[in-house]
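# sequence-free structure coming up:
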């Protein structure tokens, strides 16, 4: 097997792999090629699995052993990086290339937001006692957008605060009537994982928005939106996350009849706005 086909092959077989081998793939893709160049045990430890699990994945990829796998990675990693850099520079040299990348990612995002998934997410958001949302370093902007818009549609929509003690207070009264929306993309946030697992342990239901490689929280989600690989450009465009959020909000609005609430919000906004000069 040629090493230049390793990354596409990992992405291709990822959905069919058992959980342990998926964990290995996430580590490899998050830190390629360096994650592949240590010892087999070090790779397994990073993924939280046993060395035999890592060995099974190597065999599944067509290598006779871990040493052959590493040799193949070393042989072409430098050329792969050069090729990626040339491709990136070419794509970004004009607005047309950038626009094509965004368009491809958007089309993939819209295709991933299937009718059944939108219906399931909207039903949870409309019927929840309270809704909470959080994201990672960049995806927190999508979480903020969701809550700002959702608060106009229904009561009880909150951002999860950042500080650990403030997060702990939100968990005190959390239960099965609460719905948590988490945005989690490579590199996956450990802070998000801690909060989501704590919320799930108290009965909260999870809507997860993640990428093609899937957050480690995927098995916790009641509704899982998996944005395709094409939506993950070199700067992980926020456009795709916002587009998906818009679709979820539109689906939710159709279930909560927000007209009176929105009219009340407009009246309150006008009442609080200082008169002009």
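Ah, there it is. Since we're looking at a predicted model, the values are computed, not measured.
# For the stretch 1-150 of the chain, just list every one of the strands.
Under the criterion DSSP state E, counting those that start in this stretch, the stretch 1-150 of the chain contains strands at 130-134.
# what's the closest non-adjacent residue to residue 156?
Distances taken as Cβ to Cβ, 6 or more residues apart in numbering put residue 130 closest to residue 156, at 4.0 Å, once the chain neighbours are dropped. C-betas here are computed from N, CA, C, even on glycine.
# okay, now the one you found: neighbour count?
Residue 130 has 18 neighbours, counted by other Cβ atoms under 10 Å.
# And residue 165, by the same measure?
Other residues near residue 165 come to 7 when the count uses other Cβ under 10 Å.
# hang on, the earlier thing: test my guess that the residue nearest to residue 156 contacts residue 178.
Yes: Residue 130 is within contact range of residue 178, at 5.1 Å (criterion: Cβ atoms under 8 Å).
# Quick check, central residue of this protein?
Averaging the C-alpha coordinates of the chain gives a centre point, and the residue nearest to it by Cα atoms, centre = their mean is residue 210 (2.1 Å).
# phi, psi of the closest residue to that one other than its chain neighbours?
Using Cβ to Cβ, 6+ apart and skipping residues adjacent in sequence, the residue nearest residue 210 is residue 184, 5.2 Å away. When read as degrees, to the nearest 10, the backbone of residue 184 gives phi -140, psi 110.
# hey, where'd the helices end up in the stretch 51-200 of the chain?
In chain order, the stretch 51-200 of the chain shows helices spanning 51-60, 66-92, 95-112, 115-127, 140-153, 164-172, 190-201, with DSSP state H, counting those that start in this stretch as the criterion.
# ok, the residue nearest to residue 210 to residue 197 distance?
With distances defined as Cβ to Cβ, to the nearest Å, the gap from residue 184 to residue 197 amounts to 12 Å.
# The two: which is more packed in?
Set side by side, residue 184 and residue 197 show more neighbours around residue 184, with 24 against 13, by other Cβ under 10 Å.
# wouldn't the more buried one be in contact with residue 135 here?
Yes: with contact defined as Cβ under 8 Å, residue 184 reaches residue 135; the gap is 7.4 Å.
# which residues do these two both contact?
Taking Cβ atoms under 8 Å, 6 or more residues apart in numbering as the contact rule, residue 184 and residue 135 both touch residue 192.
# okay, now residue 117: neighbour count?
Around residue 117 there are 19 other residues, counting by other Cβ under 10 Å.
# which residues sit in contact with it?
For residue 117, counting by Cβ under 8 Å, 6+ apart, the contacting residues are 223, 224, 225.
# Most neighbours out of those residues, which is it?
With neighbours taken as other Cβ under 10 Å, the top of the contacts of residue 117 is residue 225, carrying 24 neighbours.
# Quickly list what that one is bridged to.
For residue 225, the beta-bridge partners under DSSP bridges are residue 209.
# so it touches residue 244, yeah?
Yes: with contact defined as Cβ under 8 Å, residue 225 counts as touching residue 244 (6.0 Å).
# Common neighbours of the two, please.
Contact with both residue 225 and residue 244 is made by residues 112, 113, 209, according to Cβ under 8 Å, 6+ apart.
# Look at the last one and report its pLDDT.
At residue 209 the predicted local distance difference test score is 96.
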